[in-house]
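> Give me a model of this one.
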Amino acid sequence: MDKASEEDFEDFVVQRSSNLMRRAYVLVGGDHEAAKDLVQAALTKLAVHWGRVHDPLAFCCTVMYRQQVSWWRRGWHQLETTRASVPEHARVDSTNASDIRLAVRAALFRLTPKQRAVLFLRHFEDMPEAEAADILGWTVGTVRSTNHRALQRLRELAPELADLYSNTGRDMVAAQLMKEKHP
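Okay, the predicted model is just below:
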């Protein structure tokens, strides 16, 4: 990499690393160290392909989504972490925004990385099914069915979120989901 390209790459890293960390944090289910590993893997691949990449942010996001699923397939999801266990039934006070964030985080942690990736792209990034399928390298039908199964699993495993959604309104839950992107 020549000096100008290296400076451009460094500028990209400085400007976008916090954005990438927020995305990675959601993708890995709230594990800060795994999120740092995911961002590092994406930036390493970006550095190798820097001169040929037209949209570095999209490239990094695609690498992160695919890498997270790849790590899960290899068994990284079975590693022990220092993360506290998720309670069987969370009691959520609908007036407390931090309880909503905790409930969302716990519910996302219960999903597979593939399901989190699809929910993140479809509902957090507000991407159409076709665009999410393109990023993940899947068919539109796979994205659609994975999204459906993930939402169904959230309803089964975290009924307190449905109560929050109906009691506080769509805007309150959407606002808390947006805050979740800031670890």
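
> just checking, Lys45 touches Thr62?
No - Lys45 is not in contact with Thr62 according to CB atoms under 8 Å; the separation is 9.7 Å. In short, each C-beta sits where N, CA and C put it, glycine included.

> So for stretch 30-40, mean pLDDT?
In this model, stretch 30-40 has a mean pLDDT of 87.

> brain fart, stretch 109-127
86.

> Would you mind listing the residues in contact with the residue nearest in space to the middle of the chain?
Among the residues of the chain, the one closest to the centroid is Leu27, at 2.6 Å (CA atoms, centre = their mean). Residues in contact with Leu27 (CB atoms under 8 Å, 6 or more residues apart in numbering) are 35, 38, 64-65, 68, 113, 116-117, 120.

> State the distance from the nearest residue to Phe109 once chain neighbours are set aside to Ala58.
Of all residues not flanking Phe109 in the chain, Gly29 sits nearest, at 4.1 Å (CB to CB, 6 or more residues apart in numbering). As judged by CB to CB, to the nearest Å, Gly29 and Ala58 stand 23 Å apart.

> who has more neighbours, the two?
Per other CB atoms under 10 Å, whichever of Gly29 and Ala58 has more neighbours is Gly29, with 22 against 11.

> Just confirm that one contacts Leu108, I think it does.
Yes - here Gly29 lies in contact with Leu108, judged by CB under 8 Å, at a distance of 5.6 Å.

> what about stretch 28-35, distance to the chain center?
Stretch 28-35 sits 9 Å away from the centroid of its parent chain (CA atoms, centre = their mean, to the nearest Å).

> Any idea how far apart the tips of that stretch sit?
6 Å (CA to CA, to the nearest Å).

> Torsion angles phi and psi at His49?
phi -110, psi 10 (degrees, to the nearest 10).

> So what's the residue count around it?
So His49, with other CB under 10 Å, has 11 neighbours.

> name the element the nearest residue in space to it that is not next to it in sequence belongs to?
Spatial nearest neighbour of His49, excluding adjacent residues (CB to CB, 6+ apart): Phe59 at 7.1 Å. Per DSSP states H and E, Phe59 falls inside helix 56-74.
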